[in-house]
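[1] Next input, structure requested:
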Amino acid sequence: MAFIVRFTDVLLLLWRPRLLRPYLGLWWQRLLRTPYSARRTFEMARALKATGQVFRELVYGETPMLTALLFLKRAGVGPGSRVVDLGAGRGRVLIAARWLKAEAHGVELIPDHVARVAPWLEPAGITLTVGDMTREPLMGVTHVFTNWVAFTPETKERLIANLRTCQPGTRIVTVTRPIEAEGFVGHTYRWMLFTWGVEKVWIQEYRPAGP
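    Sure, this is the predicted structure:
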C-alpha cells in the first residue's frame, strides 16, 4: 500500500513540478528520522505535557495526495482559499492545498519535526510552525483540516472551543466522524482511502447561532 500511495502521489505531482521537490524532501526526512517513533524522548514528553495530549493522538497514518485533493476540492478549496492543517504531520494535505493554488499553513507539536520539514515546504509557499492546535489562531482561515477521530474527548473539547473562533462559513474537514457540537452544520461525507483503510471524510461549516 505504501508503495502504491507514493507512486500515485508522484504521478499527481508531475502536474505541479514545483511541488515535487518538497514532497520528495518530506519523504527523505521520514527515511532519516521520524520523531513519532520515539514516544519516550524528553522533547515528546514535554510537548505532550504542555498540551495535555497523549502519544496515540499524534500517530494515525498518512493521507494520500489523491485523497487530499479530492476532499479539499469537494470542500471548495481553490485560489483565494486559506487552508490550515491542525496536526499537519508530513504535510501531504498542505501540498495538496498548494496544488489547488490555495494558501497552506500547518501546525505541529514537535519542534524537531518542524525544524526538519519546514525548510522543504517553504519554497512551495507552505508554512509549518510549532504550536498547539487547540490554541492556533484561526481568524481569516477558510478551511480547516483535522484528523479528529484520533483525539481524546478532552482534546476534542479544547479543539471545538478554538474552532469557534473561526469566521462564520469556515469549512471544517474531519476524518471518520463529524464534529457533533452546536454551530457545526452540514454533516456531508464521502468514503475515501487512507493508508490504514477506507474512512468517511466529513465536510461541515461553522455557522454559529445568531444573537
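[2] Ramachandran angles for the residue lying closest to Thr188 once chain neighbours are set aside?
    For Thr188, the nearest residue in space outside its immediate sequence neighbours is Ile203; the separation is 5.5 Å by Cβ to Cβ, 6 or more residues apart in numbering. No exception for glycine: its C-beta is placed from N, CA and C like everyone else's. When read as degrees, to the nearest 10, the backbone of Ile203 gives phi -120, psi 120.
[3] can you check Ala124 too?
    According to degrees, to the nearest 10, the main-chain angles of Ala124 amount to phi -90, psi 0.
[4] All the helices of the protein, residue numbers only.
    With DSSP state H as the criterion, the chain has helices at 2-13, 17-32, 42-51, 65-74, 92-99, 111-121, 153-163.
[5] Lowest mean pLDDT across these, which one is that?
    Lowest mean pLDDT within those: helix 42-51, at a mean of 58.
[6] center of this structure - which residue?
    Taking Cα atoms, centre = their mean, the centroid of the chain lies closest to Asp85, which sits 3.3 Å from it.
[7] does that residue really touch Glu103, like I thought?
    No - applying Cβ atoms under 8 Å as the test, Asp85 and Glu103 come out as separate, 11.7 Å apart.
[8] Quick check: neighbours shared by the two?
    Ala97 (Cβ atoms under 8 Å, 6 or more residues apart in numbering).
[9] and of the helices of the chain, who's closest to Pro208?
    For the helices of the chain, the distance to Pro208 is smallest for helix 153-163, at 10.6 Å, taking Cβ to Cβ.
[10] Can you tell me which helices and strands the closest one packs against?
    Here helix 153-163 touches strand 143-148, going by 3 or more Cβ pairs under 8 Å, 6 or more residues apart in numbering; DSSP states H and E.
[11] Please save the CA atoms from the strand it packs on in PDB.
    Backbone C-alpha positions of strand 143-148 (Å, rounded to 0.1, in the frame of the first residue of the first chain) are rendered in PDB as follows:
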ATOM      1  CA  HIS A 143     -10.800  25.700   5.500                       C
ATOM      2  CA  VAL A 144      -9.600  23.700   8.500                       C
ATOM      3  CA  PHE A 145      -8.500  20.000   8.200                       C
ATOM      4  CA  THR A 146      -8.000  17.800  11.300                       C
ATOM      5  CA  ASN A 147      -8.000  14.100  11.800                       C
ATOM      6  CA  TRP A 148     -10.400  14.300  14.700                       C
END
